[in-house]
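Enquirer: Mind folding the following:
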Amino acid sequence: MLQQTTVATVKGYFESFTARWPTVSDLAAASLDDVLTAWAGLGYYARARNLHKCAVEIAERRQGQFPRDEADLLTLPGVGAYTAAAIAAIAFDQRAVVVDGNIERVISRWHALERPLPAAKPQIRALTDRVTPPARNCDFPQAMMDLGSGICTPRSPTCLLCPVSAGCAAFAAGTQTDFPRKAPKKQRPTRQGVAYWIERDGAVLLTRRPETGLLGGMMEVPGSDWIDAGEPALQPAVTGTVKDGLVEHTFTHFHLQVRVVVPEADPDATIAALALKKKGATWAPIEDLDRYALPTIMKKIVRHALKNI
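Expert: Next up is the predicted model:
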């Protein structure tokens, strides 16, 4: 949960998640829908899908036992280089080169690396390998993470309290906050789309997004494709009542603007008929929408639609 997400945001989710599924076997036995619903609002939903897949793999194919070897850990669903190294070192006391954002910052400042991220990642890993000791494998990466999160912070590092400041090249030059160097950010493009709010007997139509890709496996209010602003529409327009205002949401790589439309035609003859053919399409009681795995953008659309009815 903490990958790409702050501790403050994660804390409540983690506590409720582990209370509901305290063991790997409990999580493996849960439905993916329940897991995605519990995750809703944290973003990066591939993490939830992979966490569930990994639990199933451990519970059903590995007799409930996690592999101890870094290379074997990398074969688990959703486990990348950082996670595999962190588990091997912290859980199983294996020597592994653990590099997270905090450690990247410490190493970049210590050596005053001019190469910007992400291009500097291989160099940072090699330099971290050089200082990773052969013993106390569990302690070293946690100490480095604590150093980065508590002292070598992004904006206001407390270098006078740092136990290794004497050898830090950036501290010596007074350029701590200039590191790590980062490549210029690309401007986020804006995409636009339409969401169709279709009600029947106190329920609203929801469909499920494809298992792969952005928001994979989550429920959604059916709608058009999300296309770059200014491009011609990819789907035929559907006449209906347009709700005032736009729903806006910013993803990692683009900004989205969605207009909410209530189609005029009979739902069974237009959009609803098409949407119900999709996997997971359902009429969801409006009063029970919080039980569905709706990502943040869809929750915004729901709030907008209900506010403007």
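Enquirer: Next, please give the residue ranges for the helices of the chain.
Expert: For the chain, applying DSSP state H gives helices covering 7-20, 24-29, 32-39, 46-56, 70-73, 81-86, 101-111, 121-131, 139-150, 169-173, 271-275, 296-307.
Enquirer: from those helices, which stretch is densest packed?
Expert: Comparing the helices of the chain by mean neighbour count (mean count of other CB atoms under 10 Å), helix 101-111 comes out on top with a mean of 22. Bear in mind the C-beta positions are built from the backbone N, C-alpha and C, glycine included.
Enquirer: hey, C-alpha coordinates of that helix in CSV?
Expert: Written as CSV, here are the backbone C-alpha positions of helix 101-111 (Å, rounded to 0.1, in the frame of the first residue of the first chain):
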residue,chain,number,x,y,z
GLY,A,101,12.8,6.7,-2.9
ASN,A,102,14.4,7.6,0.5
ILE,A,103,17.5,5.6,-0.3
GLU,A,104,17.7,7.2,-3.7
ARG,A,105,17.8,10.6,-2.1
VAL,A,106,20.5,9.6,0.5
ILE,A,107,22.8,8.1,-2.1
SER,A,108,22.2,10.9,-4.7
ARG,A,109,23.1,13.6,-2.1
TRP,A,110,26.0,11.6,-0.6
HIS,A,111,27.7,11.4,-4.1
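Enquirer: how about the most centrally placed residue in the chain, phi and psi?
Expert: With distances taken as CA atoms, centre = their mean, Y44 lies nearest the centre of the chain, 2.1 Å away. Dihedral pair for Y44: phi 50, psi 60, per degrees, to the nearest 10.
Enquirer: which non-adjacent residue is nearest it?
Expert: Excluding its sequence neighbours, the residue lying closest to Y44 (CB to CB, 6 or more residues apart in numbering) is Q4, at 5.7 Å.
Enquirer: Next, count neighbours for that neighbour.
Expert: Counted by other CB atoms under 10 Å, the residues lying close to Q4 total 11.
Enquirer: Distance check, it against A96.
Expert: The spacing between Q4 and A96, counted by CB to CB, to the nearest Å, is 21 Å.
Enquirer: Report the contact partners of T241.
Expert: Residues near T241 by CB atoms under 8 Å, 6 or more residues apart in numbering: V261, V262, E264.
Enquirer: where do the strands sit along the stretch 151-300 of the chain?
Expert: Per DSSP state E, counting those that start in this stretch, the stretch 151-300 of the chain carries strands over the ranges 190-196, 199-200, 203-208, 219-220, 227-228, 240-242, 247-250, 255-263, 282-285.
Enquirer: quick one, which of those strands is nearest to A8?
Expert: strand 247-250 (19.0 Å; CB to CB).
Enquirer: name the helices or strands packed onto that closest one?
Expert: strand 255-263, helix 296-307 (3 or more CB pairs under 8 Å, 6 or more residues apart in numbering; DSSP states H and E).
Enquirer: Tell me if I'm right that F17 and A38 touch.
Expert: Yes: F17 is within contact range of A38, at 5.7 Å (criterion: CB atoms under 8 Å).
Enquirer: Now do the contacts for W226.
Expert: R191, Q192, G193, L256, V258.
Enquirer: Turn the contacts of T241 into JSON lines, columns for pLDDT.
Expert: As requested, those are exported to JSON lines (pLDDT from 0 to 100):
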{"residue": "V261", "pLDDT": "88"}
{"residue": "V262", "pLDDT": "86"}
{"residue": "E264", "pLDDT": "75"}
